[in-house]
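Participant: I'd like to go over a predicted model; first the sequence, then the structure.
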Amino acid sequence: MEHTKTTTTFTLEGFRIAKNLGVVRGVVVRSRSVFGSIGASLQTIFGGNITLMTNLCEKTRKDAFEMMLSHADETGANAVLGVRYDANEIMQGVTEVLCYGTAVTVEPI
């Protein structure tokens, strides 16, 4: 699926919704490694962006997004509307990241 046919809005400019296929999601559960935690702790000493954690968060969100797109493909969708992210710490050092939206088929207006 084209990333250009995903949006946080509930419409896609230039297209009409032909069919609503329901909610699709991608879930990733990640933990920090001991080395990553030590490296991030060292980065906090100097302040600023904690790049080790930023990179981990970006990769986790990207993986969840790609899983959601794969789920949408399985339903026959060609677009996903209302895309959202959610994250929960499910135990110390372990976080679940959920990306979800509404799978639809759209047609040009």
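Facilitator: Received, thanks. It should be emphasised that the depicted structure is a prediction, and the values quoted were computed from it without experimental measurement.
Participant: which residues touch Thr75?
Facilitator: Going by C-beta atoms under 8 Å, 6 or more residues apart in numbering, Thr75 touches Leu21, Gly22, Val24, Ala103. Backbone N, C-alpha and C define where each C-beta goes, glycine included.
Participant: who does the helix or strand that contains the first one touch, helix- and strand-wise?
Facilitator: The secondary structure element spanning Leu21 is strand 15-31 (assigned by DSSP states H and E). On a contact count with 3 or more C-beta pairs under 8 Å, 6 or more residues apart in numbering; DSSP states H and E, strand 15-31 meets helix 51-75, strand 79-91, strand 94-108.
Participant: lowest mean pLDDT across those, which one is that?
Facilitator: Mean pLDDT values for the helices and strands packed on strand 15-31 show the minimum at helix 51-75, a mean of 91.
Participant: show me which residues of it are buried.
Facilitator: 52-53, 56, 60-61, 63-65, 67-69, 71-72 (16 or more other C-beta atoms under 10 Å).
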